[in-house]
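1. after the sequence you'll find the predicted model.
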Amino acid sequence: MRIGISDKYLDPYYLPLLGEFDFVEYQVYKTEELKKLDMVEKSCYVHLPDPAADRFLDLVRAVSKIKCVELINIHARPFDEYFICKNCGSRLFIPDSQEFFCPECETLYQEKELSEMKERNSLEKITETIQTAYYILEAQGKRLSVENTFETPEQMKRIISALPKPVGFTCDIGHAQIFHTSALDYISMLGKRLVHLHIHDNFGGSSDWYHDLHISPGKGAVKWNAILNMLRFLRYQGTGTFESKATMNWVREFRTLQGDER
């Protein structure tokens, strides 16, 4: 199994170990962050912002022309069933009432603001934007994959099913632990589209900001043996990026999924 590391974790510990990884996944959320890719020689992955973000498609077009980029990973985050609180990052149900208080931080949302959020981030608009991104990238020989954040497995399946079949699914194991209960449900429902993993741990919770700890596998509540066994059962042929400061033992553990030991 080809293993990468997020550029967010390329600190003095990991830089000397860079040769142990097959690629780096670069987070590019702003135009100026494209500079990270100027000196990259071998294949890399890129993590772009959400489809509803300003200038999202501009970044897609720019990245599509960069030779070293192999796969582009994005979130979806439609606001049809849930939305993320702007102040505490908690996953909240879309309410039917005219106004709504976040139960976690008591931020007040008026009806107009809720309507605007739902309109701007509707499932229909989000999938349409992702489809446009796919066609831009496909024309340049790049692959697109969509990652789970606060979406339930069922909602994530609806999103992926609405997209062209070459669009893959990235299972973010840490996000599944926060917003659902386990990555196992996502993997079992979307195993046929699964092409990439984001590997990190946490203790669960409901907040994108407070509970998404990105700690090393084995340091949190994720049941890693069950996940590894399911991936072996499915004969997983994709890749994985460590979004955490994991020990090299964990890198070797994931490599053995396909018998690739170094």
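-> Looks like it arrived, so ask away.
2. low-confidence regions, the chain specifically.
-> 258-262 (pLDDT under 70).
3. helices of that one, start to end?
-> Using DSSP state H, the helices found in the chain span residues 56-64, 111-120, 123-139, 153-161, 173-179, 183-190, 224-233, 248-255.
4. which of the ones you listed has the highest mean neighbour count?
-> Mean neighbour count (mean count of other Cβ atoms under 10 Å) peaks for helix 173-179 among those, with a mean of 24. Backbone N, C-alpha and C define where each C-beta goes, glycine included.
5. now it: how far from the chain's centre is it?
-> From the chain centre to the centre of helix 173-179 is a distance of 10 Å (Cα atoms, centre = their mean, to the nearest Å).
6. on contacts alone, who are the packing partners of that helix?
-> helix 183-190, strand 194-199 (3 or more Cβ pairs under 8 Å, 6 or more residues apart in numbering; DSSP states H and E).
7. next, the contact list for Trp250, please.
-> Residues in contact with Trp250 (Cβ atoms under 8 Å, 6 or more residues apart in numbering) are 199, 216-218, 242.
8. in strands, which of the residues you listed fall?
-> Among the contacts of Trp250, the ones falling in strands (DSSP state E) are 199, 242.
9. ok, so what distance separates the residue nearest to Ile74 when sequence neighbours are not counted from Cys102?
-> Distance criterion Cβ to Cβ, 6 or more residues apart in numbering; nearest residue to Ile74, sequence neighbours excluded, is Leu48 at 5.0 Å. Separation of Leu48 from Cys102 (Cβ to Cβ, to the nearest Å) stands at 27 Å.
10. and those two? Which one has more around it.
-> Neighbours per residue (other Cβ atoms under 10 Å) separate Leu48 from Cys102, with Leu48 holding more: 23 against 16.
11. ChimeraX command for the buried members of the contacts of Trp250?
-> The ChimeraX selection below is limited to those of those classed as buried (16 or more other Cβ atoms under 10 Å):
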select :199,216,217,242
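12. tell me which of the contacts of Trp250 is nearest to Ile187?
-> Nearest to Ile187, judged by Cβ to Cβ, of the contacts of Trp250 is Ile199 at 12.9 Å.
13. perfect, I'm done here.
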